[in-house]
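Enquirer: just the structure for this:
(2 chains)
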Amino acid sequence: MIILRPVELSDISNIERLAHESGPMVSTLPAKHSHLLKKVEQSIYSFEQDVDTAGEESYLFVLEETLTGQILGTGAINALAGNREPFYSFRNDIKIHSSRQLNVHSRIHALTLNHDLSDHSQLCSFYIVPALADSLSPSLITLGRLLFMSVFPMRFANEWMAVIPGIADESGRAPFWEHVGRKFFGIDYNQVEYYNGTLNSTFISEMMPYHPLYVALINEEAQAVMGLVHKDAALQYSLLSEQGFEADKYVEIFDSGPILTAPRNALSLCQKVQQIKLTNITSNNPLQTYLIGLAEGNSFKACLVQGVLQGNQLQVSQDNIDQLNLCPEHRVFCIKL
Amino acid sequence: MMFIRPIQRQDRKALLQLAAKTGSGFTSLPHNESHLEERIERMIATWEDTNALSEKGYLFALVDSETQTLVGVSGIEVAIGLNDPWYDFHVGTQVHASKELGIYRQMKKLSLSNDHTGNSELCTLFLDPEYRMDKNGQLLSKSRLLFMAAFKDKFSERLIAEMRGVSDENGRSPFWESLGRHFFTLDFDQADYLTGIGSKSFIAELMPKHAFYVDFLSEAAQKTIADVHPNTLPARKILESEGMRYEGYVDIFDAGPTLEAYTQDLRIVRKSRLRQASISESEQLGEQTLLIGNEKYQDFRAMIGNPMIDAIHIYLTQMQADALSIINGEQIRVVPLFEKENTL
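Expert: Residues are numbered from 1 along each chain as shown, chains lettered A, B, ... in the order given. As a prediction, the model looks like this:
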């Protein structure tokens, strides 16, 4: 059985291996031991805390095949995207330039460096091994995290967001970076993404433009990729979009990938999730796939099961029930995929 | 003999003909009769002191005394930007540096400014192509500075001059193509014309309000910043030799440089001297080429000549005295025409 569970210290070498595989596209999962160790420790600490308002917590989940103990993916949540330091993005503002005398009324787009999203809770560090990319496992990582967030709402802000990787080719050339960021930094895209994953964001305020950048003045190759999604991130994008996340006016500052945002209450998962009891299967109705989340105290794990929902009872196989190590303290939540 | 005098109402037709000979990039003398007529009236009102400071301006005519034809004009605005805002781009520097990353970068940026509000401006210099010889351009341009030297109180303490920027034979300005066009769906020529008839501030309202980085303009556009049109190079050289210089401001449409100076620092203001006119039948030649003007505000005249000069007198012929509209014994302001000549 594949489950999504909080990271443990013993996972560190496995995560490091995944971080190497994921490459620079997942800047929030940099392949640097000291950094990953800190991230794991921070997650363990965060789960232990009783939290009544979102703060410095950061939760890291791993996807585990329980039979073999293999780690197959990761996904994290920062309770606040910008807790100790601002979270920067570009906001695509519209400036109205108008003149009655000349009978002109034009809408001018300009990208403004901002930290508006600092108070959002952020989904990040998503990675799945390529072999599972076409399975339901990516859904488990992403929707499992949303389920966790909806079961523990006081640990998070009311507004959630996720940065989706933008366009870059295999050699690490990102057109937006080439025509925008490089002018300010003079370094390669991979290099800046590494800095972004490992350094304090002060360097962004030092290096990035604080005047709005007029979109019309940006090279057309870069304009053309603004808000576009990297092909490897298309699934992430559609999973979140289906839940009600929207790419509105924010883009990532280095590759201009879209930033999806949503108020918690607008998300389909948060509206439909229900608390249930797991029981042995008796119904002959066709089985359907459910995402279930098990909360006990501050801990949480999620998995996908086949079952039949009747009222507040989700009927699943005895095998499943055994694998989940249910105890009476568990609160169980489910949502149909 | 060529001389300078204030523009007059009767110059209207001649001015219109002259305006027809200007090309693209010459904003302040549009071929538009009612506009030129208004301009003349505004100039006359200035000499008569019947208009507001924001309206004041002078326009001088270069006249061929033999034919009494008007072959060139040059002007001074007394205080710009007091009615409609005066816009230009300030070329500034922004440093982006991070100790942590070991990166230090200087970036040029342009920001819209009204920094020249209230300054006096040299403007509208145009010389009939057939008369582009014999120092006529020098006379047209520099006689304005001689007028300012004589009547300093009429002007602001700072003087600017906008130099025409780079455009090709089709009137395409690389700077406009790279910047202005994105904000405004007009050709450079049209924008230029609207500017000439006083709509510049309307256009400026549509231009970028936020500073922007020069690196985002096309390379062709970047190269033209603070560069002048080849035809304007002589005019630039003249003004630079008189003490004006580029101080980091450029035109918002074609990025031509704005030359600047404190009025009191202008060579002609510092170096011009007064002499008493001594009129004689025979011409007495001196060693230097001089810019010569009378001290009459309403009936200002100026010319170039090589008359003999001493510590008290300047020796003029009757013809020269007539052109300068003076009689024997009147005060004359005089300065070497060129910077490199001996001082008086």
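
Enquirer: name the nearest residue to residue 53, sequence neighbours excluded.
Expert: Went with chain A since none was named. residue A:154 (6.8 Å; C-beta to C-beta, 6 or more residues apart in numbering or on different chains). C-beta here means a position set from N, CA and C on the backbone, and glycine is covered the same way.

Enquirer: think we crossed wires, I meant chain B
Expert: residue B:79 (5.2 Å).

Enquirer: quick check: the one you found vs residue B:263, distance?
Expert: As defined by C-beta to C-beta, to the nearest Å, residue B:79 lies at a distance of 12 Å from residue B:263.

Enquirer: who touches both of those two?
Expert: Common contacts of residue B:79 and residue B:263, defined by C-beta atoms under 8 Å, 6 or more residues apart in numbering or on different chains, comprise B:120, B:156.

Enquirer: which parts of the stretch 101-250 of chain A are helices?
Expert: For the stretch 101-250 of chain A, the helices defined by DSSP state H, counting those that start in this stretch cover A:137-151, A:175-176, A:182-185, A:189-198, A:202-207, A:220-225, A:234-243.

Enquirer: quick one: list the elements packing against the second one.
Expert: It stands for helix A:175-176. Applying 3 or more C-beta pairs under 8 Å, 6 or more residues apart in numbering or on different chains; DSSP states H and E, one finds that helix A:175-176 makes contact with helix A:220-225.

Enquirer: so which bits of the helix it packs on are buried?
Expert: Going by neighbour count (16 or more other C-beta atoms under 10 Å in any protein chain shown), the buried part of helix A:220-225 is A:222, A:223, A:225.

Enquirer: for stretch B:125-137, same thing?
Expert: Per 16+ other C-beta under 10 Å, stretch B:125-137 contains these buried residues: B:125, B:126, B:127, B:128, B:131, B:136, B:137.

Enquirer: ok and the residue in the stretch 51-200 of chain B nearest chain A?
Expert: Closest residue of the stretch 51-200 of chain B to chain A, C-beta to the nearest C-beta: residue B:182 (3.6 Å).

Enquirer: can you give me the distance of the closest residue in space to that residue that isn't next to it in sequence to residue A:252?
Expert: Once flanking residues are discounted, residue B:182 sits nearest to residue A:216: 3.6 Å by C-beta to C-beta, 6+ apart. The gap separating residue A:216 from residue A:252 is 20 Å, by C-beta to C-beta.

Enquirer: more neighbours: which of the two?
Expert: Taking other C-beta atoms under 10 Å in any protein chain shown, residue A:216 and residue A:252 do not tie; residue A:252 has more neighbours (23 against 17).

Enquirer: list the beta-bridge partners for the residue nearest to the more buried one when sequence neighbours are not counted.
Expert: Counting by C-beta to C-beta, 6+ apart, residue A:163 is the residue found nearest to residue A:252 once chain neighbours are left out, at 5.2 Å. Counting by DSSP bridges, residue A:163 is bridged to residue A:259.

Enquirer: show me the contacts for residue A:163.
Expert: So residue A:163 contacts A:89, A:122, A:124, A:252, A:257, A:259 (C-beta under 8 Å, 6+ apart).

Enquirer: count of residues packed around residue 211?
Expert: You didn't say which chain, so I picked chain A. So residue A:211, with other C-beta under 10 Å, has 16 neighbours.

Enquirer: actually it's chain B I care about, not the one you picked
Expert: Neighbours of residue B:211 using other C-beta under 10 Å come to 18.
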